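Enquirer: I'll drop the sequence and a predicted model, then ask my questions.
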Amino acid sequence: MNTIQFIEDHIPAVAKLCRQALEKDIMPDFLLTEKTVLDPDFDSKLTYIVKSDQGDVIAFIMGVVRDRGNEKIGYIKLFCVHENFRRNGIGRKLYNLIESEFKGRGIKKVRLFESWPNYYQPGIDPFYTEAVCFFERMKFVRNGDTSNLTADLSASDFDTSAEEKELQKQQIEINRASHNEFENTMAYIDKFFPAWRGEVSAAFKNSPVSLHIAKLDGEIRAFSAHEVNNIGTGWFGPMGTDPVFRGKGVGGILLKRCLKDMKEAGFAKAIIPWVGPIPFYMHYCNSKVSRVFWKYEKILE
């Protein structure tokens with residue numbers, strides 16, 4: 001077996017491995033491209049493949065370091081081993097390579113998969129029990145959970161015209177963001193929702209812009225985006241609303257506007273990831289919990 005650094009030419013073979021190894025997920029080549037070489041923090045020294053003696057890719061790991069303001073955090077962003085080659089020490093060898101590199105860079109904390117803004121999943125789905133057991137053997141400690149919801153886009157036309165007319169009586173205007181609103185939008189995000197800068201800025205790269213905003217007196221007070229992470233697979237979000245704007249139905253309208261976009265683009269369902277307020281989404285689009293993820297962290301010594 002041969003362990004080598006990942007390069008872009010490996011994408012087709014690695015994507016195929018992911019499709020074989022991750023039975024509850026999808027990984028087309030274009031999505032692996034987004035997750036790897038298009039990640040601004042992609043680093044070949046943190047990304048490896050293992051080839052069998054026959055030259056087939058049988059294992060893959062990707063680590064990434066994110067600057068979180070007052071600290072840098074290491075993430076295991078992607079990881080899989082072909083089922084025929086598990087329990088042979090391959091995963092441990094790959095993980096130890098990444099952890100050693102993290103330690104050399106002074107990283108003190110490692111988390112699994114939740115590498116926002118460019119991430120594949122927000123934790124480990126316990127369906128992948130072997131992965132849960134592996135990382136717990138690597139001394140990761142579970143520290144929470146989260147959920148993905150799924151909304152059936154065939155269930156509604158998501159028309160919000162009547163609701164928007166009511167909000168106009170309060171001088172609240174809702175529209176799709178235009179390119180000339182980029183700077184004002186990002187200033188708002190930087191002030192109130194800085195964690196979502198990367199995803200919101202990505203909405204302006206889509207055509208049309210996949211971001212809807214609510215304004216009062218010309219000032220942005222809420223937003224909702226889609227198709228900004230795991231692009232092409234039907235992911236909604238992020239969204240955010242000023243506290244003083246909550247309870248007015250603004251968030252529901254922004255959500256529906258995005259879901260309408262996605263339906264018109266041909267998606268049959270929308271994935272609403274990393275959800276906190278499950279009742280909110282259930283109320284506005286009858287979404288249901290479809291995946292549960294466990295969150296893990298390891299403190300490096």
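Expert: Looks like it arrived, so ask away. Just so it is clear, the structure is predicted and the values come from calculations on it, not from any experiment.

Enquirer: Show me where the stretch 151-300 of the chain has its helices.
Expert: Applying DSSP state H, counting those that start in this stretch to the stretch 151-300 of the chain gives helices spanning 161-168, 182-192, 197-203, 250-264, 278-285.

Enquirer: Out of the ones you listed, which is closest to residue 133?
Expert: Residue 133 lies closest, by C-beta to C-beta, to one member of the helices of the stretch 151-300 of the chain: helix 278-285, at 27.9 Å. For the C-beta atoms, the positions are set from N, CA and C on the backbone; glycine is no exception.

Enquirer: Show me what the closest one is packed against.
Expert: Packing partners of helix 278-285 (3 or more C-beta pairs under 8 Å, 6 or more residues apart in numbering; DSSP states H and E): strand 141-152, helix 250-264, strand 269-275.

Enquirer: angle of the second one against helix 161-168?
Expert: Between helix 250-264 and helix 161-168, the angle formed by their directions is 150 degrees, by axes from the mean of the first three to the mean of the last three C-alpha atoms, to 10 degrees.

Enquirer: Now stretch 135-154: average pLDDT?
Expert: Across stretch 135-154, pLDDT averages out at 97.

Enquirer: Can you mark which positions in it are buried?
Expert: 135, 138, 140, 142, 146-151, 153 (16 or more other C-beta atoms under 10 Å).

Enquirer: Throw the helices of the stretch 151-300 of the chain into a markdown table and include distance to residue 47 and mean pLDDT, thanks.
Expert: What follows is those, written out as a markdown table (distance: least, C-beta to C-beta, whole Å; pLDDT from 0 to 100):
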| stretch | distance to residue 47 | mean pLDDT |
| --- | --- | --- |
| helix 161-168 | 46 | 93 |
| helix 182-192 | 29 | 95 |
| helix 197-203 | 19 | 96 |
| helix 250-264 | 31 | 97 |
| helix 278-285 | 34 | 94 |
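
Enquirer: deepest of those helices, which one?
Expert: Burial of those is given as mean neighbour count (mean count of other C-beta atoms under 10 Å); helix 250-264 ranks first at a mean of 22.

Enquirer: Against which helices or strands is that helix packed?
Expert: By 3+ C-beta pairs under 8 Å, 6+ apart, helix 250-264 packs against helix 161-168, strand 172-176, strand 211-216, strand 219-226, strand 236-241, strand 269-275, helix 278-285.

Enquirer: Perfect, that will be all.
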